[in-house]
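Visitor: Structure for this input, please:
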Amino acid sequence: MPWGDLLWPAMIVACVVATQLGQGAYQNDLATHSDEAAHFVTAMCLLDYARAALGSNPVSYAESYYAHYPKVAFGHWPPAFFGIQALWYWIFGGSVPAGMLLIGAIAASAALVLFFRLRGFYGTGVAVLAVAVYLSLPLVWQGSAALMSDILVSLFEILAVLAFCDGCVTRGWRPWALSAFWAGLAILTKESALSLLVCAPLAFVVLAGGRLKARLMGRYFWLGFCLLALPLLAIYALSGVRRVRGLLPQQMTPAAIGERALWLSSIPQLIPWPVLAIAVLGVLLALRTRGNRSIYIRGAALWLTVCLTIQVVIRNSIEGRYFLPAVFPIIIFFAEGLAGASNRLAGWLKPLTERRRWSSAHSATIVAVTITMGCLASMPTTLLRHRSGYDRVVAAIPAPDSETILVSSDTLGEGAMVVDFLVQPARNVIVLRGSKMLANSDWMGGGYHLIASTVADVRNLLDTIPVHFIVLDANAFFDVGSRPNHQLLAQTLSTHPDQFQLVADIPLVIDRRQTQHMIQVYENLSARGRKPEVIRISMEASLHRTIVANVRDWDAAARARSAPASRLGIAIASALQRIAATMGFPREVRDDSRSELLSSPSGR
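Guide: The predicted model follows:
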């Protein structure tokens, strides 16, 4: 086996690991995006159901799980990512480092797929340089360091497109069957992959030519397409995503579409101009390309067009991570442009290079490396914004049996604290979110209104449940979408110091700097010795009903964890976590207005 067959893949994996360590992926508390905690908790709910409650009513189990760890999000996304995570956690253990290890494996797999495909088209040199650009893009950095489904669905989508192109090249049914498999996984991972059902028939018309098109146009392809599309759409609908999220009419208005189309002008902030310029050159050169490679170039161009169009027309909002599936075709164009530009420039420089006795191949390599270095130099240095230190909240709260804890923060903080209590299997707790118990809103925060609208209402609610501990995170005060429920809770705690006793004042590491007086933990003295029997969570704005969970029916064994089938993943994740800890981040005490404002309850 040639040494390069092992060296380059190993270097790609090492680059992904270095990216994760540099972004602090193994040191955060799933507080880089509000969806991270939901993905983790939902996967753990599925795993715990398979271990301890298989055969019972899954809806009732999920509702009871939500009452204890309110970040379960079945129906908000299709189920494939949850299933993959659950299997991974069963093997490697359910922990945040294990989850980040899974994302690292997915990111490395995507880079390897790109490397091997490009090496077959352009050779090892161009493939290595193109993958180096891919791994340096801010979108890829962020996607490989957050527990999100975007990089996984991007991998499935490009595998589906490449397999489809393989079918057009080989003119056999097996690659198309494989394309259908990858497309199915993509659609069951994230609803944005439904664009594949638009791309597939267009790709067949554009890419499949000659007698093959005439022979299959009315028979095998369309029959197979229907046999694939109908079950996938049925499963997608049954997963609840269409019902929970819906397709809002206001998303389709010309004004909304125009606003999202303007977002495309910010693409150079995600992919630098030099990279885009080489990619555009690749598209122009591909117009003159003949043979099998032209099929893949045209397939990538079609996929990029459909992907961007669907995002602009249907998305209710636009975020940079939604553009991640479009990175693959752009890197394919970049490789085409890099190969073409380096060969042509090497030809122009031939009189100069002959004096140095360089071959044309050496000259082309030097030119390609020079162009790539210029592209890499244009990459912005971006670090994910995240927080850590929420695990100290768990340590600060005593561990009596079945304590009830209300956590109040922004969406990042509440999710992070739910996860930190979840990964402590020895503790039988009920975690309540202030944004759900004191107010009501839909999945996206719309239709917000207070449930408890006065200090007296909040105090009565805390005593009626009863709530034993209240955790107040100052980040919610400074959140752009700060909600009145958090301010009302803080006012209640400061108004009744005889009932709510401060037991801990905890700092957080925010964007790699330590900030004091960020979290206060209070004990509700009137709740001592009392335990809730029923937890009611109003979900009228999202599910049009109230979740009622009988706490006494919840057995601690329902979350009992058997030993994972393998300790290898735990060992790897722990090793990476120790490496990240030894690398360290600057942890300065930030003496700013937050510290002064939050140094005492009266400061609120």
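
Visitor: tell me the mean pLDDT for whatever helix or strand Leu202 lives in?
Guide: With secondary structure defined by DSSP states H and E, Leu202 is part of helix 195-207. Confidence over helix 195-207, taken as the mean pLDDT, stands at 79.

Visitor: just stretch 396-414 next, same as before
Guide: Across stretch 396-414, the per-residue pLDDT values average to 83.

Visitor: and that stretch, how far out from the chain's middle?
Guide: On the basis of C-alpha atoms, centre = their mean, to the nearest Å, the separation between the geometric centre of stretch 396-414 and that of its chain is 24 Å.

Visitor: Just the terminal-to-terminal distance for that stretch.
Guide: Terminal residues of stretch 396-414 lie 16 Å apart, using C-alpha to C-alpha, to the nearest Å.

Visitor: ditto for stretch 439-453
Guide: Its start and end residues considered, stretch 439-453 measures 9 Å (C-alpha to C-alpha).

Visitor: what is the rounded mean pLDDT of it?
Guide: 74.

Visitor: next one: stretch 73-84
Guide: In this model, stretch 73-84 has a mean pLDDT of 88.

Visitor: Just the CA trace of it, in CSV.
Guide: Once side chains and other backbone atoms are set aside, the C-alpha atoms of stretch 73-84 remain, and they are given as CSV (Å, rounded to 0.1, in the frame of the first residue of the first chain):
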residue,chain,number,x,y,z
ALA,A,73,-37.5,17.7,20.6
PHE,A,74,-39.1,14.7,18.8
GLY,A,75,-41.0,16.1,15.8
HIS,A,76,-38.9,19.3,15.6
TRP,A,77,-36.5,17.4,13.3
PRO,A,78,-36.7,14.1,11.5
PRO,A,79,-35.4,11.1,13.6
ALA,A,80,-32.2,9.9,11.8
PHE,A,81,-29.7,12.1,13.7
PHE,A,82,-31.3,11.0,17.0
GLY,A,83,-31.0,7.4,16.1
ILE,A,84,-27.3,7.7,15.0
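
Visitor: Work out which residue lies at the spatial centre of this structure.
Guide: Central residue of the chain (C-alpha atoms, centre = their mean): Met148, 1.4 Å from the mean position.

Visitor: Now do the SS call for that one.
Guide: Met148 falls in the coil class when you classify it by DSSP: H, G, I helix; E, B strand; the rest coil.

Visitor: For it, give its distance to Leu270.
Guide: Shown here: Met148 relative to Leu270, a distance of 16 Å by C-beta to C-beta, to the nearest Å. (Glycine included, C-beta is placed from N, CA and C.)

Visitor: same thing with Gln424?
Guide: Between Gln424 and Leu270 the distance is 38 Å, computed by C-beta to C-beta.

Visitor: And these two? Which one has more around it.
Guide: Leu270 (19 against 13; other C-beta atoms under 10 Å).

Visitor: contacting residues for Ile405?
Guide: When the contact criterion is C-beta atoms under 8 Å, 6 or more residues apart in numbering, the partners of Ile405 are Ile397, Phe421, Val429, Ile430, Val431, Leu432, Val467, His468, Phe469, Ile470, Val471.

Visitor: Narrow those residues to those in strands?
Guide: In strands, judged by DSSP state E, the following of the contacts of Ile405 are found: Ile430, Val431, Leu432, Phe469, Ile470, Val471.

Visitor: Helix or strand: which one has the closest residue to Ala146 other than its chain neighbours?
Guide: Nearest residue to Ala146 in three dimensions, chain neighbours excluded: Thr32, at 5.0 Å (C-beta to C-beta, 6 or more residues apart in numbering). Counting by DSSP H and E, there is no helix or strand that carries Thr32.

Visitor: what about Thr32, neighbour count?
Guide: Thr32: 22 surrounding residues under other C-beta under 10 Å.

Visitor: can I assume it is in contact with Gly143?
Guide: No. In this structure Thr32 lies outside contact range of Gly143 using C-beta atoms under 8 Å: 11.0 Å.

Visitor: Find the residues that touch each one of those two.
Guide: The contact lists of Thr32 and Gly143 share no entry, where a contact means C-beta under 8 Å, 6+ apart.

Visitor: Show me where the stretch 251-400 of the chain has its strands.
Guide: With DSSP state E, counting those that start in this stretch applied, the stretch 251-400 of the chain shows strands at 387-388, listed in chain order.

Visitor: any weak-confidence spans in it?
Guide: For the stretch 251-400 of the chain, applying pLDDT under 70 flags the ranges 251-269, 314-318, 346-362, 399-400.

Visitor: what's Phe74 sitting at in phi/psi?
Guide: Listed backbone geometry of Phe74 is phi -60, psi 140, with angles given as degrees, to the nearest 10.

Visitor: Averaged pLDDT, stretch 513-522. What do you get?
Guide: Across stretch 513-522, the average pLDDT comes to 87.

Visitor: separation between the closest residue to Val369 other than its chain neighbours and Leu376?
Guide: Leaving aside its chain neighbours, Val369 sits nearest to Leu129 (6.7 Å; criterion: C-beta to C-beta, 6+ apart). Here Leu129 is placed at a distance of 9 Å from Leu376 (C-beta to C-beta).

Visitor: neighbour-wise, which of those two wins?
Guide: Looking at Leu129 and Leu376 with other C-beta under 10 Å, you find the greater number of neighbours at Leu129, namely 25 against 16.

Visitor: what sits against that one?
Guide: Under the criterion of C-beta under 8 Å, 6+ apart, the neighbours of Leu129 are Leu338, Ala368, Val369, Thr372.
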